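# One predicted model, sequence on top.
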Amino acid sequence: MKKITFLFILVFTVTLHAQTPGGESAITTIDATIPYQGFGESLALLGSGEYKIYYDNVDGVLDKPIFFVDGFDPNDTRDIDAMYSLLNYGNSGENLGDTVRDEGYDLVVLNFPEEYLSPTDGTTMIKGGADFIQRNAFILVELINTINQSKVMGAEENVVIGPSMGGLISRYALAYMESQSIDHDTRLYISFDSPHLGANVPIGIQYLFNYMVNGEPGISEAEPLVSGLLNSAAAKQMLIDHYLGHVDSGGINQDGTSPTPKGAPNFRDSFQSELDGLGFPQNVRNVSITNGSGTGQLTGTPGMELINHTFNTGMTSGFNTRAIIRVNFTPDANQNIEVTDFVGQAFIFIGWVTGFEYSASAESTSTSDGLDSAPGGQFDLYAFDDGTNPLITEFVDNLNSQYFNFIPTLSGLAISSETDWYTIPDANDAPFANTYIPTNNEPHVTLTDGNVAFALEEIRSETLNVSQSLIAINDMMLQQNPVHNQITLLSERNHYNSSVSIIDMTGQVVFNEKIDIANKTDISINLPSGMYAMQINTTDNSLKTMKLIVN
(Lines give C-alpha, C1' and ligand atoms only; values in the text may rest on other atoms or scores of the structure.)
Protein backbone atom coordinates (compact mmCIF):
# COMPACT_ATOMS: atom_id res chain seq x y z
CA MET A 1 0.00 0.00 0.00
CA LYS A 2 1.31 3.41 -0.89
CA LYS A 3 2.27 5.66 1.97
CA ILE A 4 0.38 8.84 2.49
CA THR A 5 1.47 12.08 0.98
CA PHE A 6 0.49 15.27 2.71
CA LEU A 7 -0.46 17.57 -0.22
CA PHE A 8 -0.62 21.17 1.05
CA ILE A 9 -2.37 22.59 -1.97
CA LEU A 10 -0.07 25.21 -3.22
CA VAL A 11 1.93 23.65 -5.94
CA PHE A 12 5.08 24.11 -7.89
CA THR A 13 6.45 23.67 -11.36
CA VAL A 14 8.98 20.98 -10.71
CA THR A 15 12.09 19.44 -12.08
CA LEU A 16 12.73 15.70 -11.85
CA HIS A 17 16.23 16.24 -10.50
CA ALA A 18 16.92 15.79 -6.83
CA GLN A 19 17.33 19.01 -4.85
CA THR A 20 19.43 19.75 -1.84
CA PRO A 21 17.55 18.45 1.23
CA GLY A 22 15.73 21.33 2.87
CA GLY A 23 15.97 23.48 -0.27
CA GLU A 24 13.26 25.61 -1.81
CA SER A 25 12.12 26.15 -5.37
CA ALA A 26 11.61 29.57 -6.87
CA ILE A 27 8.10 31.02 -6.72
CA THR A 28 6.52 29.91 -9.99
CA THR A 29 3.42 31.08 -11.83
CA ILE A 30 0.89 28.46 -12.81
CA ASP A 31 -1.95 29.19 -15.25
CA ALA A 32 -5.14 27.17 -15.34
CA THR A 33 -6.14 25.50 -18.60
CA ILE A 34 -9.85 25.31 -17.68
CA PRO A 35 -11.65 28.69 -17.92
CA TYR A 36 -14.53 29.77 -15.71
CA GLN A 37 -17.22 32.39 -16.36
CA GLY A 38 -18.64 33.85 -13.18
CA PHE A 39 -21.89 35.74 -12.78
CA GLY A 40 -21.63 39.18 -14.37
CA GLU A 41 -18.61 38.30 -16.49
CA SER A 42 -18.82 38.62 -20.27
CA LEU A 43 -16.55 35.67 -21.04
CA ALA A 44 -14.96 32.63 -19.45
CA LEU A 45 -11.55 33.48 -18.04
CA LEU A 46 -8.49 31.48 -17.07
CA GLY A 47 -7.12 31.93 -13.58
CA SER A 48 -3.50 32.15 -12.47
CA GLY A 49 -1.70 31.43 -9.22
CA GLU A 50 1.78 31.02 -7.85
CA TYR A 51 3.39 28.20 -5.94
CA LYS A 52 6.57 27.24 -4.21
CA ILE A 53 7.99 23.87 -3.23
CA TYR A 54 9.68 23.43 0.13
CA TYR A 55 11.63 20.20 -0.39
CA ASP A 56 11.95 17.66 2.38
CA ASN A 57 14.92 17.60 4.73
CA VAL A 58 15.77 13.96 3.99
CA ASP A 59 16.63 13.43 0.32
CA GLY A 60 15.32 16.53 -1.49
CA VAL A 61 13.44 14.38 -4.02
CA LEU A 62 9.88 15.30 -5.01
CA ASP A 63 8.21 12.08 -3.98
CA LYS A 64 5.87 12.87 -1.07
CA PRO A 65 3.99 16.09 -1.91
CA ILE A 66 1.81 17.87 0.61
CA PHE A 67 -0.35 20.64 -0.89
CA PHE A 68 -1.29 23.62 1.24
CA VAL A 69 -3.91 25.85 -0.42
CA ASP A 70 -4.47 29.45 0.61
CA GLY A 71 -7.92 30.68 1.56
CA PHE A 72 -9.74 34.03 1.41
CA ASP A 73 -7.13 36.79 1.19
CA PRO A 74 -8.36 39.80 -0.85
CA ASN A 75 -5.23 41.91 -0.31
CA ASP A 76 -2.73 39.03 -0.45
CA THR A 77 -1.61 39.81 3.09
CA ARG A 78 -0.29 36.23 3.23
CA ASP A 79 2.42 35.66 0.67
CA ILE A 80 3.90 32.18 0.33
CA ASP A 81 6.56 32.57 3.00
CA ALA A 82 3.98 34.07 5.37
CA MET A 83 1.73 31.07 4.74
CA TYR A 84 4.59 28.81 5.82
CA SER A 85 4.96 30.83 9.02
CA LEU A 86 1.25 30.33 9.75
CA LEU A 87 2.05 26.65 10.28
CA ASN A 88 3.62 27.54 13.65
CA TYR A 89 1.72 26.06 16.59
CA GLY A 90 1.82 25.58 20.35
CA ASN A 91 4.06 27.40 22.80
CA SER A 92 7.25 25.68 21.71
CA GLY A 93 7.57 27.45 18.37
CA GLU A 94 7.16 24.21 16.43
CA ASN A 95 6.12 24.41 12.79
CA LEU A 96 3.99 21.78 11.05
CA GLY A 97 5.81 22.38 7.77
CA ASP A 98 9.18 21.71 9.42
CA THR A 99 7.80 18.56 11.04
CA VAL A 100 6.54 16.96 7.85
CA ARG A 101 9.66 17.97 5.90
CA ASP A 102 11.82 16.30 8.54
CA GLU A 103 9.81 13.14 7.85
CA GLY A 104 10.48 13.24 4.12
CA TYR A 105 7.43 15.14 2.84
CA ASP A 106 7.65 17.93 0.28
CA LEU A 107 5.47 20.93 1.06
CA VAL A 108 3.83 22.62 -1.93
CA VAL A 109 2.22 25.98 -1.14
CA LEU A 110 -0.32 27.57 -3.51
CA ASN A 111 -1.08 31.27 -3.32
CA PHE A 112 -3.64 33.38 -5.20
CA PRO A 113 -2.23 36.87 -5.98
CA GLU A 114 -4.09 40.02 -4.98
CA GLU A 115 -4.73 40.88 -8.62
CA TYR A 116 -3.46 39.84 -12.04
CA LEU A 117 -4.37 40.02 -15.72
CA SER A 118 -6.17 36.88 -16.90
CA PRO A 119 -4.08 34.68 -19.23
CA THR A 120 -7.19 34.50 -21.44
CA ASP A 121 -6.93 38.03 -22.84
CA GLY A 122 -4.13 39.73 -20.91
CA THR A 123 -6.40 42.69 -20.14
CA THR A 124 -9.10 41.56 -17.68
CA MET A 125 -8.11 42.12 -14.07
CA ILE A 126 -8.87 39.32 -11.61
CA LYS A 127 -8.75 39.66 -7.81
CA GLY A 128 -7.14 36.31 -7.07
CA GLY A 129 -7.44 36.01 -3.30
CA ALA A 130 -11.18 36.76 -3.39
CA ASP A 131 -12.05 35.40 -6.84
CA PHE A 132 -14.72 32.86 -7.71
CA ILE A 133 -14.00 29.63 -5.86
CA GLN A 134 -14.43 27.57 -9.05
CA ARG A 135 -11.78 29.50 -10.98
CA ASN A 136 -9.27 29.13 -8.16
CA ALA A 137 -10.13 25.43 -8.00
CA PHE A 138 -9.20 25.06 -11.66
CA ILE A 139 -5.78 26.55 -10.85
CA LEU A 140 -5.38 23.82 -8.25
CA VAL A 141 -6.41 21.19 -10.81
CA GLU A 142 -3.58 22.38 -13.05
CA LEU A 143 -1.14 22.32 -10.16
CA ILE A 144 -2.06 18.78 -9.14
CA ASN A 145 -1.62 17.62 -12.74
CA THR A 146 1.74 19.39 -12.95
CA ILE A 147 3.03 17.85 -9.74
CA ASN A 148 1.77 14.39 -10.63
CA GLN A 149 3.70 14.55 -13.90
CA SER A 150 6.82 15.69 -12.09
CA LYS A 151 6.95 13.28 -9.17
CA VAL A 152 9.73 10.69 -9.29
CA MET A 153 8.97 7.06 -10.05
CA GLY A 154 7.40 5.26 -7.11
CA ALA A 155 6.29 8.48 -5.42
CA GLU A 156 3.47 8.38 -2.92
CA GLU A 157 -0.09 9.55 -3.39
CA ASN A 158 -0.88 13.15 -2.59
CA VAL A 159 -2.34 14.69 0.52
CA VAL A 160 -4.28 17.94 0.11
CA ILE A 161 -4.93 20.31 2.99
CA GLY A 162 -7.25 23.26 2.57
CA PRO A 163 -7.69 25.81 5.35
CA SER A 164 -10.81 28.00 5.29
CA MET A 165 -11.85 28.83 1.71
CA GLY A 166 -8.85 26.76 0.61
CA GLY A 167 -10.81 23.73 1.85
CA LEU A 168 -13.66 24.55 -0.55
CA ILE A 169 -11.19 25.11 -3.39
CA SER A 170 -9.57 21.76 -2.61
CA ARG A 171 -12.85 19.88 -2.29
CA TYR A 172 -14.17 21.34 -5.55
CA ALA A 173 -10.93 20.59 -7.43
CA LEU A 174 -10.68 16.96 -6.30
CA ALA A 175 -14.37 16.22 -6.86
CA TYR A 176 -14.27 17.93 -10.27
CA MET A 177 -11.26 15.85 -11.33
CA GLU A 178 -13.10 12.68 -10.41
CA SER A 179 -16.19 13.80 -12.32
CA GLN A 180 -14.01 14.30 -15.41
CA SER A 181 -12.05 11.03 -14.90
CA ILE A 182 -8.83 12.97 -14.24
CA ASP A 183 -6.48 11.06 -11.92
CA HIS A 184 -5.63 13.30 -8.96
CA ASP A 185 -3.47 10.56 -7.35
CA THR A 186 -4.59 11.83 -3.95
CA ARG A 187 -5.35 9.68 -0.93
CA LEU A 188 -6.09 12.22 1.81
CA TYR A 189 -8.03 15.49 1.89
CA ILE A 190 -7.97 17.51 5.12
CA SER A 191 -10.57 20.26 5.43
CA PHE A 192 -9.47 22.83 8.02
CA ASP A 193 -12.31 24.98 9.40
CA SER A 194 -13.82 25.32 5.92
CA PRO A 195 -17.32 26.75 5.32
CA HIS A 196 -19.00 23.77 3.62
CA LEU A 197 -22.41 25.23 4.48
CA GLY A 198 -21.35 28.86 4.37
CA ALA A 199 -19.63 31.50 6.49
CA ASN A 200 -20.86 34.40 8.61
CA VAL A 201 -20.06 38.08 9.06
CA PRO A 202 -22.55 39.89 11.34
CA ILE A 203 -25.19 41.49 9.14
CA GLY A 204 -25.19 44.52 11.45
CA ILE A 205 -21.54 45.19 10.58
CA GLN A 206 -22.29 44.70 6.89
CA TYR A 207 -25.12 47.26 6.92
CA LEU A 208 -23.00 49.72 8.92
CA PHE A 209 -19.96 49.73 6.67
CA ASN A 210 -22.02 49.74 3.48
CA TYR A 211 -23.88 52.83 4.73
CA MET A 212 -20.70 54.53 5.91
CA VAL A 213 -19.16 54.11 2.44
CA ASN A 214 -22.09 54.35 0.04
CA GLY A 215 -24.54 56.37 2.15
CA GLU A 216 -24.49 59.96 3.34
CA PRO A 217 -21.29 59.79 5.44
CA GLY A 218 -19.24 58.76 2.37
CA ILE A 219 -16.27 57.60 4.47
CA SER A 220 -13.81 56.49 1.81
CA GLU A 221 -11.38 54.98 4.33
CA ALA A 222 -13.80 52.10 4.93
CA GLU A 223 -14.31 51.43 1.20
CA PRO A 224 -11.88 48.45 1.00
CA LEU A 225 -13.95 46.63 3.63
CA VAL A 226 -17.01 46.87 1.39
CA SER A 227 -15.75 46.52 -2.18
CA GLY A 228 -12.70 44.37 -1.50
CA LEU A 229 -14.13 42.15 1.22
CA LEU A 230 -17.95 42.03 1.37
CA ASN A 231 -18.57 42.53 -2.35
CA SER A 232 -15.87 40.19 -3.62
CA ALA A 233 -17.03 37.19 -5.62
CA ALA A 234 -15.85 34.69 -3.01
CA ALA A 235 -17.51 36.50 -0.08
CA LYS A 236 -20.79 36.66 -1.97
CA GLN A 237 -20.53 32.93 -2.66
CA MET A 238 -19.81 31.99 0.96
CA LEU A 239 -21.71 34.37 3.27
CA ILE A 240 -24.94 32.81 4.55
CA ASP A 241 -26.38 36.27 5.19
CA HIS A 242 -25.29 39.15 2.92
CA TYR A 243 -26.57 42.71 2.96
CA LEU A 244 -27.13 42.60 -0.82
CA GLY A 245 -29.87 40.04 -0.19
CA HIS A 246 -31.86 42.65 1.75
CA VAL A 247 -31.36 46.10 0.17
CA ASP A 248 -33.48 47.90 -2.41
CA SER A 249 -32.34 49.16 -5.81
CA GLY A 250 -30.49 52.03 -4.15
CA GLY A 251 -28.15 49.53 -2.53
CA ILE A 252 -28.43 50.92 1.02
CA ASN A 253 -31.90 50.82 2.57
CA GLN A 254 -33.65 47.54 3.34
CA ASP A 255 -36.19 46.45 0.75
CA GLY A 256 -39.00 45.63 3.18
CA THR A 257 -38.91 41.85 2.77
CA SER A 258 -38.26 39.48 5.66
CA PRO A 259 -34.79 40.18 7.12
CA THR A 260 -34.10 36.50 7.85
CA PRO A 261 -30.72 35.33 6.51
CA LYS A 262 -30.39 35.57 2.74
CA GLY A 263 -27.27 35.27 0.63
CA ALA A 264 -26.08 37.59 -2.13
CA PRO A 265 -28.40 37.24 -5.16
CA ASN A 266 -27.01 35.16 -8.04
CA PHE A 267 -24.00 34.08 -5.99
CA ARG A 268 -24.74 32.32 -2.71
CA ASP A 269 -27.54 29.86 -3.54
CA SER A 270 -26.16 28.94 -6.96
CA PHE A 271 -22.71 28.21 -5.54
CA GLN A 272 -24.01 26.12 -2.63
CA SER A 273 -26.24 24.14 -5.00
CA GLU A 274 -23.31 23.47 -7.32
CA LEU A 275 -21.05 22.45 -4.43
CA ASP A 276 -23.68 20.14 -2.95
CA GLY A 277 -24.31 18.61 -6.35
CA LEU A 278 -20.62 17.95 -6.91
CA GLY A 279 -20.32 16.46 -3.42
CA PHE A 280 -17.07 15.27 -1.86
CA PRO A 281 -14.32 13.36 -3.67
CA GLN A 282 -15.04 9.65 -3.48
CA ASN A 283 -11.62 8.13 -4.09
CA VAL A 284 -10.02 10.02 -1.21
CA ARG A 285 -10.11 9.77 2.57
CA ASN A 286 -11.91 12.95 3.63
CA VAL A 287 -11.31 14.28 7.16
CA SER A 288 -12.21 17.55 8.85
CA ILE A 289 -10.75 19.81 11.51
CA THR A 290 -12.98 22.53 12.91
CA ASN A 291 -12.12 25.38 15.27
CA GLY A 292 -15.73 25.54 16.46
CA SER A 293 -16.84 24.17 19.81
CA GLY A 294 -18.28 20.68 19.95
CA THR A 295 -20.05 21.36 23.26
CA GLY A 296 -22.27 24.27 22.27
CA GLN A 297 -20.07 27.06 23.64
CA LEU A 298 -21.26 30.47 22.42
CA THR A 299 -19.37 33.53 21.23
CA GLY A 300 -21.18 36.24 23.12
CA THR A 301 -24.97 35.97 23.27
CA PRO A 302 -27.79 36.39 20.74
CA GLY A 303 -28.82 40.02 20.36
CA MET A 304 -25.92 41.38 22.43
CA GLU A 305 -24.69 44.92 21.85
CA LEU A 306 -21.42 44.68 19.93
CA ILE A 307 -20.70 48.42 20.02
CA ASN A 308 -22.45 51.56 21.21
CA HIS A 309 -20.12 54.51 20.84
CA THR A 310 -20.07 58.16 19.91
CA PHE A 311 -17.28 59.13 17.49
CA ASN A 312 -15.99 62.69 17.26
CA THR A 313 -15.82 63.23 13.48
CA GLY A 314 -14.27 66.70 13.56
CA MET A 315 -15.21 70.00 11.95
CA THR A 316 -17.44 70.04 8.85
CA SER A 317 -18.53 73.31 7.22
CA GLY A 318 -17.60 75.14 10.39
CA PHE A 319 -19.56 72.87 12.73
CA ASN A 320 -18.36 70.25 15.17
CA THR A 321 -19.75 66.83 14.17
CA ARG A 322 -20.17 63.41 15.68
CA ALA A 323 -21.43 59.94 14.74
CA ILE A 324 -23.38 57.74 17.16
CA ILE A 325 -23.04 54.09 16.17
CA ARG A 326 -24.71 51.01 17.61
CA VAL A 327 -24.44 47.45 16.30
CA ASN A 328 -26.05 44.33 17.78
CA PHE A 329 -25.60 40.62 17.13
CA THR A 330 -28.52 38.86 15.46
CA PRO A 331 -31.21 37.85 17.97
CA ASP A 332 -32.84 34.78 19.51
CA ALA A 333 -34.93 32.49 17.31
CA ASN A 334 -38.06 34.16 15.85
CA GLN A 335 -36.97 37.55 17.18
CA ASN A 336 -36.58 40.71 15.08
CA ILE A 337 -34.35 43.50 16.40
CA GLU A 338 -32.51 46.55 15.14
CA VAL A 339 -28.91 45.49 14.48
CA THR A 340 -27.55 48.72 12.97
CA ASP A 341 -28.13 52.31 14.01
CA PHE A 342 -26.13 55.28 12.71
CA VAL A 343 -26.85 58.90 13.63
CA GLY A 344 -24.81 61.79 12.24
CA GLN A 345 -25.08 65.08 14.13
CA ALA A 346 -23.67 68.58 14.08
CA PHE A 347 -23.46 71.01 17.00
CA ILE A 348 -25.40 74.08 15.91
CA PHE A 349 -25.62 77.05 18.30
CA ILE A 350 -27.09 75.49 21.45
CA GLY A 351 -27.28 71.76 20.78
CA TRP A 352 -26.74 68.70 18.64
CA VAL A 353 -28.86 68.49 15.52
CA THR A 354 -29.31 65.26 13.55
CA GLY A 355 -28.27 65.61 9.92
CA PHE A 356 -28.77 62.05 8.77
CA GLU A 357 -29.56 58.66 10.26
CA TYR A 358 -29.78 55.03 9.20
CA SER A 359 -31.07 51.84 10.76
CA ALA A 360 -31.50 48.21 9.74
CA SER A 361 -33.05 45.18 11.40
CA ALA A 362 -32.44 41.44 11.39
CA GLU A 363 -34.62 38.46 12.21
CA SER A 364 -33.58 34.97 13.18
CA THR A 365 -35.31 31.90 11.86
CA SER A 366 -37.78 29.90 13.92
CA THR A 367 -35.31 27.03 14.24
CA SER A 368 -32.15 28.80 15.36
CA ASP A 369 -30.82 31.75 17.31
CA GLY A 370 -28.73 34.21 15.32
CA LEU A 371 -25.55 33.17 13.57
CA ASP A 372 -23.26 35.77 15.15
CA SER A 373 -22.97 34.08 18.55
CA ALA A 374 -23.33 30.44 17.43
CA PRO A 375 -20.55 27.91 18.14
CA GLY A 376 -17.85 28.13 15.49
CA GLY A 377 -14.40 29.14 14.41
CA GLN A 378 -14.07 32.76 15.48
CA PHE A 379 -13.19 35.88 13.51
CA ASP A 380 -10.91 38.27 15.40
CA LEU A 381 -12.37 41.77 14.99
CA TYR A 382 -9.13 43.26 16.29
CA ALA A 383 -7.57 42.16 13.00
CA PHE A 384 -9.45 44.99 11.27
CA ASP A 385 -7.06 47.46 12.89
CA ASP A 386 -3.64 47.65 11.27
CA GLY A 387 -2.85 50.96 12.92
CA THR A 388 -3.21 53.06 9.76
CA ASN A 389 -6.76 54.37 10.21
CA PRO A 390 -7.69 56.21 13.45
CA LEU A 391 -11.41 55.67 12.79
CA ILE A 392 -10.98 51.89 12.56
CA THR A 393 -8.76 51.93 15.64
CA GLU A 394 -11.40 53.79 17.64
CA PHE A 395 -14.06 51.36 16.39
CA VAL A 396 -12.03 48.35 17.50
CA ASP A 397 -11.13 49.90 20.86
CA ASN A 398 -14.82 50.23 21.76
CA LEU A 399 -16.05 46.77 20.82
CA ASN A 400 -17.76 44.69 23.51
CA SER A 401 -16.56 41.44 21.93
CA GLN A 402 -13.29 40.65 20.21
CA TYR A 403 -14.84 37.79 18.25
CA PHE A 404 -17.88 36.69 16.29
CA ASN A 405 -18.79 33.30 14.89
CA PHE A 406 -17.20 33.12 11.44
CA ILE A 407 -17.37 29.43 10.46
CA PRO A 408 -20.24 27.70 12.31
CA THR A 409 -19.21 24.34 13.74
CA LEU A 410 -21.91 22.59 11.72
CA SER A 411 -20.60 24.26 8.55
CA GLY A 412 -17.03 23.19 9.24
CA LEU A 413 -18.31 19.62 9.63
CA ALA A 414 -20.73 19.87 6.67
CA ILE A 415 -23.61 18.62 8.83
CA SER A 416 -26.61 19.63 6.75
CA SER A 417 -29.22 17.59 8.65
CA GLU A 418 -29.55 20.24 11.38
CA THR A 419 -31.25 23.63 11.01
CA ASP A 420 -30.25 24.90 14.47
CA TRP A 421 -26.74 26.36 14.30
CA TYR A 422 -26.42 25.82 18.07
CA THR A 423 -26.93 22.05 17.94
CA ILE A 424 -24.14 20.05 19.57
CA PRO A 425 -22.67 18.19 16.59
CA ASP A 426 -22.74 14.44 16.16
CA ALA A 427 -19.67 13.50 14.13
CA ASN A 428 -21.60 10.54 12.74
CA ASP A 429 -23.76 13.02 10.81
CA ALA A 430 -20.72 14.53 9.06
CA PRO A 431 -19.67 13.24 5.63
CA PHE A 432 -16.10 12.72 6.85
CA ALA A 433 -14.20 9.56 7.76
CA ASN A 434 -12.72 11.31 10.80
CA THR A 435 -13.17 14.66 12.55
CA TYR A 436 -11.42 16.85 15.09
CA ILE A 437 -13.76 19.01 17.18
CA PRO A 438 -12.36 21.05 20.10
CA THR A 439 -14.24 21.63 23.35
CA ASN A 440 -14.00 25.43 23.16
CA ASN A 441 -14.34 27.83 20.25
CA GLU A 442 -10.97 28.83 18.79
CA PRO A 443 -9.92 31.63 16.43
CA HIS A 444 -10.43 30.61 12.82
CA VAL A 445 -7.72 28.33 11.33
CA THR A 446 -5.73 28.22 14.57
CA LEU A 447 -3.29 25.34 14.80
CA THR A 448 -3.15 23.71 18.24
CA ASP A 449 -1.26 20.78 19.71
CA GLY A 450 -4.48 18.77 19.47
CA ASN A 451 -5.44 19.39 15.85
CA VAL A 452 -1.83 19.14 14.67
CA ALA A 453 -1.60 15.72 16.36
CA PHE A 454 -4.82 14.77 14.57
CA ALA A 455 -3.45 15.88 11.18
CA LEU A 456 -0.14 14.10 11.71
CA GLU A 457 -1.90 10.92 12.79
CA GLU A 458 -3.88 10.99 9.54
CA ILE A 459 -0.69 11.58 7.56
CA ARG A 460 1.13 8.79 9.41
CA SER A 461 -1.84 6.40 9.43
CA GLU A 462 0.36 3.31 9.14
CA THR A 463 1.97 4.03 12.54
CA LEU A 464 -1.10 3.11 14.59
CA ASN A 465 -1.34 -0.37 13.16
CA VAL A 466 -4.09 -1.56 15.49
CA SER A 467 -5.64 -4.89 14.47
CA GLN A 468 -9.38 -4.85 13.86
CA SER A 469 -9.88 -8.53 13.06
CA LEU A 470 -12.43 -9.14 15.81
CA ILE A 471 -16.17 -8.39 15.72
CA ALA A 472 -16.72 -4.62 15.98
CA ILE A 473 -18.64 -3.11 18.90
CA ASN A 474 -21.23 -0.67 17.58
CA ASP A 475 -22.99 0.36 20.79
CA MET A 476 -20.17 2.30 22.44
CA MET A 477 -18.87 5.87 21.99
CA LEU A 478 -16.92 8.62 23.69
CA GLN A 479 -19.04 11.28 25.35
CA GLN A 480 -16.45 13.89 24.42
CA ASN A 481 -13.32 14.06 22.31
CA PRO A 482 -10.77 15.67 22.87
CA VAL A 483 -10.35 14.81 26.56
CA HIS A 484 -8.03 16.00 29.30
CA ASN A 485 -7.58 13.82 32.38
CA GLN A 486 -10.74 11.73 32.12
CA ILE A 487 -12.40 9.62 29.43
CA THR A 488 -16.17 9.07 29.59
CA LEU A 489 -17.48 6.02 27.72
CA LEU A 490 -21.16 5.69 26.84
CA SER A 491 -22.47 2.19 26.15
CA GLU A 492 -25.91 0.76 25.40
CA ARG A 493 -25.13 -2.40 27.37
CA ASN A 494 -22.70 -3.63 30.02
CA HIS A 495 -19.32 -5.10 29.10
CA TYR A 496 -17.76 -6.59 32.24
CA ASN A 497 -14.02 -7.20 32.67
CA SER A 498 -13.14 -5.52 29.37
CA SER A 499 -9.53 -4.81 28.46
CA VAL A 500 -9.02 -1.11 27.73
CA SER A 501 -5.73 -0.16 26.06
CA ILE A 502 -4.43 3.19 24.84
CA ILE A 503 -1.70 3.22 22.20
CA ASP A 504 0.39 6.24 21.25
CA MET A 505 1.51 7.21 17.76
CA THR A 506 4.70 5.16 18.01
CA GLY A 507 2.68 2.00 18.68
CA GLN A 508 3.56 1.88 22.43
CA VAL A 509 0.83 0.82 24.87
CA VAL A 510 0.64 3.64 27.44
CA PHE A 511 -2.49 2.48 29.31
CA ASN A 512 -3.86 -1.04 29.86
CA GLU A 513 -6.48 -1.94 32.47
CA LYS A 514 -9.39 -4.34 33.04
CA ILE A 515 -12.57 -2.27 33.43
CA ASP A 516 -16.29 -2.98 33.86
CA ILE A 517 -18.02 -0.83 31.25
CA ALA A 518 -21.58 0.25 32.08
CA ASN A 519 -23.99 2.81 30.62
CA LYS A 520 -21.61 5.63 31.55
CA THR A 521 -18.06 4.83 32.60
CA ASP A 522 -15.38 7.34 33.65
CA ILE A 523 -11.73 6.37 33.17
CA SER A 524 -8.99 8.52 34.70
CA ILE A 525 -5.89 9.07 32.57
CA ASN A 526 -2.65 11.02 32.84
CA LEU A 527 -1.20 11.31 29.34
CA PRO A 528 0.68 13.99 27.39
CA SER A 529 -1.27 15.96 24.78
CA GLY A 530 -1.51 14.19 21.46
CA MET A 531 -3.29 11.61 19.34
CA TYR A 532 -3.86 8.06 20.54
CA ALA A 533 -5.79 4.93 19.61
CA MET A 534 -8.02 3.46 22.30
CA GLN A 535 -8.77 -0.24 21.95
CA ILE A 536 -11.48 -2.03 23.93
CA ASN A 537 -11.57 -5.84 23.94
CA THR A 538 -14.56 -7.50 25.62
CA THR A 539 -14.95 -11.04 26.96
CA ASP A 540 -17.30 -11.94 24.08
CA ASN A 541 -14.49 -11.49 21.54
CA SER A 542 -15.62 -8.04 20.39
CA LEU A 543 -13.42 -5.07 19.63
CA LYS A 544 -13.85 -1.30 19.56
CA THR A 545 -11.07 0.98 18.31
CA MET A 546 -11.46 4.75 18.62
CA LYS A 547 -9.27 7.72 17.89
CA LEU A 548 -8.55 9.60 21.12
CA ILE A 549 -7.22 13.15 21.38
CA VAL A 550 -5.76 14.36 24.68
CA ASN A 551 -5.49 18.11 25.27
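Sure thing, it's come through.
# can you tell me the average pLDDT over the helix or strand hosting residue 451?
Assigning secondary structure by DSSP states H and E places residue 451 in helix 449-459. Averaging the model's pLDDT scores along helix 449-459 yields 93.
# now stretch 491-499
Stretch 491-499 shows a mean pLDDT of 85.
# Check what contacts that stretch and list those residues.
By CB atoms under 8 Å, 6 or more residues apart in numbering, the residues outside stretch 491-499 that reach it are 473, 475-476, 512-521, 536-540, 542. Just so you know, the C-beta spots here come from the backbone N, C-alpha and C atoms, and that holds for glycine as well.
# repeat that with 7 Å
The list of residues contacting stretch 491-499 from outside it, by CB atoms under 7 Å, 6 or more residues apart in numbering, reads 475, 476, 514, 515, 516, 517, 518, 519, 536, 537, 538, 539.
# Also stretch 219-229?
Counting by CB under 7 Å, 6+ apart, stretch 219-229 makes contact with 74, 75, 130, 209, 210, 212, 213, 235, 389, 391, all of which sit outside it.
# ok, and the closest non-adjacent residue to the last one?
Using CB to CB, 6 or more residues apart in numbering and skipping the chain neighbours, the partner closest in space to residue 391 is residue 221 (6.0 Å).
# burial of the one you found, as a residue count?
Residue 221 is flanked by 13 other residues according to other CB atoms under 10 Å.
# wait, is it part of a strand?
No. With the criterion set as DSSP: H, G, I helix; E, B strand; the rest coil, the secondary structure at residue 221 is helix rather than a strand.
# and it, how far is that from residue 315?
Counting by CB to CB, to the nearest Å, the gap between residue 221 and residue 315 amounts to 17 Å.
# so which strand or helix has residue 341?
Secondary structure assignment for residue 341, by DSSP H and E: strand 336-348.
# just checking, what packs against that strand?
The contact analysis (3 or more CB pairs under 7 Å, 6 or more residues apart in numbering; DSSP states H and E) places strand 336-348 against helix 203-214, strand 319-328, strand 351-363.
# Which stretch among those is buried most, on average?
Among the helices and strands packed on strand 336-348, ranked by average contacts under mean count of other CB atoms under 10 Å, first place goes to helix 203-214 (a mean of 25).
# What lies in contact with that helix?
Contacts made with helix 203-214 from outside it, assessed by CB under 7 Å, 6+ apart, are listed as 219, 222-223, 225-226, 230, 241-243, 251-252, 306, 325, 327-328, 330, 339-340, 342, 358, 360, 362.
# Would you mind checking the residues you listed for buried ones?
219, 222, 225-226, 230, 241-243, 252, 306, 325, 327-328, 330, 339-340, 342, 358, 360, 362 (16 or more other CB atoms under 10 Å).
# Which pLDDT does the model give residue 545?
The per-residue pLDDT of residue 545 was computed as 74.
# Would you agree it is in contact with residue 533?
Yes. Distance between residue 545 and residue 533: 6.0 Å, which falls inside the contact criterion (CB atoms under 7 Å).
# Please name the nearest non-neighbouring residue to residue 257.
Distances taken as CB to CB, 6+ apart put residue 246 closest to residue 257, at 7.1 Å, once the chain neighbours are dropped.
# OK, contacts around that neighbour?
For residue 246, counting by CB under 7 Å, 6+ apart, the contacting residues are 254, 255, 259, 262.
# okay, now the nearest residue to residue 262 once chain neighbours are set aside: neighbour count?
Taking CB to CB, 6+ apart as the measure, residue 262 lies nearest to residue 245, with 3.3 Å between them; neighbours along the chain are not counted. Look at residue 245: counted by other CB under 10 Å, it has 22 neighbours.
# again with residue 77
The local packing count at residue 77 equals 11, with neighbours defined by other CB under 10 Å.
# now it, what's its secondary structure?
Using three-state DSSP, the structure places residue 77 in coil.
# do you know how far it is from residue 136?
As it turns out, when the distance is counted by CB to CB, residue 77 lies 17 Å from residue 136.
# What of residue 447?
Look at residue 447 and residue 136: by CB to CB, they are 22 Å apart.
# and the two? which has more neighbours close in?
Counted by other CB under 10 Å, residue 447 and residue 136 do not tie: residue 136 has more neighbours, with 32 against 21.
# Tell me if I'm right that the more buried one and residue 112 touch.
Yes. Counting by CB under 7 Å, residue 136 touches residue 112, with 5.6 Å between them.
# from what I can see residue 54 touches residue 101, true?
Yes. The pair formed by residue 54 and residue 101 meets the contact definition of CB under 7 Å, at 6.3 Å.
# list residues touching both of these two?
Both residue 54 and residue 101 are in contact with residue 107, where contact means CB under 7 Å, 6+ apart.
# which of these two has more neighbours?
A direct count of neighbours by other CB under 10 Å for residue 54 and residue 101 places residue 54 higher, at 26 against 22.
# any idea which element the closest residue to that one other than its chain neighbours lies in?
Beyond its immediate neighbours in the sequence, the residue positioned closest to residue 54 (CB to CB, 6+ apart) is residue 107, lying 4.1 Å away. Applying DSSP H and E as the criterion places residue 107 in strand 106-111.
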